[in-house]
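Visitor: Here's my sequence, what's the structure:
(chains A and B)
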2 protein chains.
Amino acid sequence: MSVTIGVFDSGFGGLTVLRELLPLIPGAHYVYLGDTARLPYGSKSQTTIARYAVESARFLESRGADHLVVACNTASALALEQIAASVHIPVTGVIEPAVSTARQRHPDANVLVLATAATVQSHAYRTRCAAHGLHATERACPLLVPLVEEGWIDHPVTREVIRIYLQEALAAGTPRAVLLGCTHYPLIAPSIQSSLRELGSEAEVIDSARATAVSVERAVHHMGELSYGEATFECYVTDSVEKFERLGSNFLGRPVKGVQLVDLGG
Amino acid sequence: MSVTIGVFDSGFGGLTVLRELLPLIPGAHYVYLGDTARLPYGSKSQTTIARYAVESARFLESRGADHLVVACNTASALALEQIAASVHIPVTGVIEPAVSTARQRHPDANVLVLATAATVQSHAYRTRCAAHGLHATERACPLLVPLVEEGWIDHPVTREVIRIYLQEALAAGTPRAVLLGCTHYPLIAPSIQSSLRELGSEAEVIDSARATAVSVERAVHHMGELSYGEATFECYVTDSVEKFERLGSNFLGRPVKGVQLVDLGG
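Guide: The predicted structure is shown next:
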């Protein structure tokens, strides 16, 4: 059998989750939706985010998805229950897999969560961590998304910004794990890991994109034997196909082509 | 008589224009609208931006504005004609005043325009400059808005980012004037000016917020003698009052209080 996996984000970031899914579930058909016309979700109210996310989830279900991945931290933090209640397929967000991985590797430890201002404000990571017996400090890193989108992945300015953010965060505690609570951050995970070392921290960076992909792979295997053909793609965005194809390839780690424009309304 | 001036932006940036208006037209009543629920306009299509901007303009007219200032580069670039056609009061955008000031001070010169990616893509500055006999090079500076919003106004990272952007731009030509084509940039104008000097450029920084305020003052004086009482304010946003009050004071240069939430629709 072949399985169709729907992946949804407000923009490009979710492509880092898709990138991790590909080697784990190579035989699947993937349908990606980037709700780029309405990004960033982070500055919107919970009601608005839930409405957008539910529309996106239903679109992916209508395109035949058997499993839905909410590859967006804001939507996972603020609208996961509403999404799960609005579709008839299993739903995986990006927060629980990362927290669960941290708990397995570092039980009872302090963890540091790096995320956007909106995700930090929601305290979704702190809440999930507390449920797993982990104590989380959340640190907003508003400059990291724009730096990644500028393409300054391995760049002195990016390393300096990471150093400043981490230095302030480490002054407040000694984490054993650092959770990347934004789907843009896996691209700069090596810089974050080496900056931690330079600052004398032994914390391990836990990539939520990778943790989410592992969790989806487990869930999808319950559906039965998968075929092992080549992965196939459909990709939809709600604004500028050209920009998505240009920026997206950095996130996916391969060219992004054949993107289609779709209108989800207001 | 007292005059009511409506000032509109997608977010906080327009407060830098309001800050310049206050000393020039101290006796006016000001109504500010930040359409924060729908920012950034820059990633949206022209049709969507025009619809949002017209709704905002009509709201300010309904609040009694005698003159409308479109203190948003994206809306000025992409929707000024549609805004002007949809209200019954005079409208001033931020682009023409800056370009006109550059032409007066540096006729026939090369100018460099620093702006967001969306404003650069519209080529609105290049077009207006050409109409004034100026040759413009436009440079997108996507990191400057996030750096200003992070509060890193006089910060080594911000100075380094400005240096990188300017160094690349100056390699392509020798401008006599540098236009700040984004309402966030006036906050870092001193860093931009000193970075230009360090890079051996004698170009003058032209602040579009200041140029716009001067242009509005001229237009409003045609309405007759103004009273010279204390300026009064109303301030509306379409999302998070708390965030606007917190970040806005940096832009206005004084506390921003009593902000009211308004719903302009989807």
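Visitor: how about the lengthiest helix in chain A as CSV, C-alpha atoms only?
Guide: The single longest helix within chain A, with elements called by DSSP state H, is helix A:46-62. This file holds the C-alpha atoms of helix A:46-62, laid out as CSV (Å, rounded to 0.1, in the frame of the first residue of the first chain):
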residue,chain,number,x,y,z
GLN,A,46,-5.7,32.2,18.9
THR,A,47,-9.1,32.3,17.2
THR,A,48,-7.6,33.5,13.9
ILE,A,49,-4.8,30.9,14.0
ALA,A,50,-7.2,28.1,14.7
ARG,A,51,-9.5,29.1,11.8
TYR,A,52,-6.5,29.3,9.4
ALA,A,53,-5.1,26.0,10.6
VAL,A,54,-8.4,24.1,10.4
GLU,A,55,-8.9,25.4,6.8
SER,A,56,-5.4,24.2,5.9
ALA,A,57,-6.0,20.8,7.6
ARG,A,58,-9.2,20.2,5.8
PHE,A,59,-7.6,21.1,2.5
LEU,A,60,-4.9,18.5,3.0
GLU,A,61,-7.6,15.9,4.0
SER,A,62,-9.5,16.8,0.8
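Visitor: what sits against the most centrally placed residue in chain A?
Guide: For chain A, residue A:183 is the residue whose C-alpha lies nearest the centre (CA atoms, centre = their mean; 3.5 Å). By CB atoms under 8 Å, 6 or more residues apart in numbering or on different chains, the residues touching residue A:183 are A:9, A:13, A:14, A:15, A:16, A:17, A:71, A:72, A:73, A:94, A:208, A:209. Bear in mind the C-beta positions are built from the backbone N, C-alpha and C, glycine included.
Visitor: counting contacts, what elements does the longest helix of chain A pack onto?
Guide: For helix A:46-62, the contact count by 3 or more CB pairs under 8 Å, 6 or more residues apart in numbering or on different chains; DSSP states H and E identifies strand A:4-9, strand A:29-34, strand A:67-70, helix A:73-86 as packing neighbours.
Visitor: With mean neighbour count, mean pLDDT and distance to chain B as added columns, please give these in a markdown table.
Guide: Converted to a markdown table, the helices and strands packed on helix A:46-62 look like this (neighbours: other CB atoms under 10 Å in any protein chain shown; pLDDT from 0 to 100; distance: least, CB to the nearest CB, whole Å):
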| stretch | mean neighbour count | mean pLDDT | distance to chain B |
| --- | --- | --- | --- |
| strand A:4-9 | 26 | 97 | 14 |
| strand A:29-34 | 24 | 96 | 11 |
| strand A:67-70 | 26 | 98 | 21 |
| helix A:73-86 | 23 | 95 | 14 |
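Visitor: Could you tell me the per-residue confidence at the residue nearest to the centre of chain A?
Guide: Here the pLDDT value assigned to residue A:183 is 93.
Visitor: Which single residue of the stretch 1-150 of chain A ends up nearest chain B?
Guide: Residue nearest to chain B within the stretch 1-150 of chain A: residue A:146 (4.2 Å; CB to the nearest CB).
Visitor: give me every residue that touches that residue.
Guide: Applying CB under 8 Å, 6+ apart, we find residue A:146 in contact with B:142, B:143, B:145, B:146.
Visitor: Quickly find the element holding it.
Guide: Using DSSP states H and E, residue A:146 sits in helix A:144-149.
Visitor: quick one on the thing from earlier: ChimeraX command for the buried members of the contacts of residue A:183?
Guide: One line in ChimeraX is enough to select the buried members of these, burial here meaning 16 or more other CB atoms under 10 Å in any protein chain shown:
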select /A:9,13,14,15,16,17,71,72,73,94,208,209
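Visitor: where are the low-confidence patches of the stretch 1-150 of chain A?
Guide: A:1 (pLDDT under 70).
Visitor: helix or strand right after whatever helix or strand residue A:192 lives in?
Guide: Assigned by DSSP H and E, residue A:192 belongs to helix A:189-198. The element immediately downstream of helix A:189-198 (helix or strand, assigned by DSSP H and E) is strand A:204-207.
Visitor: For that following strand, what does the pLDDT average out to?
Guide: 96.
Visitor: contacting residues around that strand?
Guide: Contacts for strand A:204-207 (CB under 8 Å, 6+ apart): A:20, A:98, A:101-102, A:105-106, A:176-180, A:185-186, A:189, A:192-193, A:196.
Visitor: Quick one: buried ones out of those residues?
Guide: A:20, A:98, A:101-102, A:106, A:176-180, A:185-186, A:189, A:192-193, A:196.
Visitor: Out of those residues, which two sit at the greatest distance?
Guide: Greatest spacing in these, by CB to CB: A:20 and A:176 (22.6 Å).
Visitor: Alongside chain B, which residues does the stretch 101-250 of chain A contribute?
Guide: A:142-143, A:145-147, A:149-150, A:156-157, A:160-161, A:164, A:239-240 (CB under 8 Å from any CB of the partner chain).
Visitor: Closest one of these to residue B:110?
Guide: residue A:150 (25.4 Å).
Visitor: show me the contacts for the closest one.
Guide: Contacts of residue A:150 (CB under 8 Å, 6+ apart): B:142, B:143.
Visitor: For residue A:239, see how far away it is.
Guide: 19 Å (CB to CB, to the nearest Å).
Visitor: Likewise for residue A:156?
Guide: Taking CB to CB, one finds residue A:156 at 32 Å from residue A:239.
Visitor: Show me which of the two is the more surrounded one.
Guide: Taking neighbours as other CB atoms under 10 Å in any protein chain shown, residue A:156 and residue A:239 compare with residue A:239 leading, 20 against 11.
Visitor: Setting the sequence-adjacent residues aside, check what's closest to that one.
Guide: Excluding the flanking residues, the one nearest residue A:239 by CB to CB, 6 or more residues apart in numbering or on different chains is residue A:37, at 3.8 Å.
Visitor: can you confirm the one you found is in a helix?
Guide: Yes: per DSSP: H, G, I helix; E, B strand; the rest coil, residue A:37 lies within a helix segment.
Visitor: I figured it hits residue A:238, correct?
Guide: Yes: applying CB atoms under 8 Å, one finds residue A:37 in contact with residue A:238, separated by 3.7 Å.
Visitor: what's the overlap in contacts for the two?
Guide: residue A:264.
Visitor: The closest residue to residue A:244 other than its chain neighbours and residue A:44, how far apart?
Guide: Residue nearest to residue A:244 in three dimensions, not counting chain neighbours: residue A:237, with 4.7 Å by CB to CB, 6+ apart. Distance, residue A:237 to residue A:44, using CB to CB: 18 Å.
Visitor: same check, this time on residue A:152
Guide: Applying CB to CB to residue A:152 and residue A:44 gives a distance of 27 Å.
Visitor: check contacts around the residue nearest to residue A:34 when sequence neighbours are not counted.
Guide: In space, and not counting its chain neighbours, residue A:34 is closest to residue A:237: 4.5 Å by CB to CB, 6+ apart. Residues counted as contacts of residue A:237 (CB under 8 Å, 6+ apart) are A:33, A:34, A:35, A:36, A:37, A:244, A:259, A:260, A:261, A:262.
Visitor: Got the phi and psi for residue A:237?
Guide: Dihedral angles of residue A:237 (phi, psi; degrees, to the nearest 10) stand at phi -130, psi 160.
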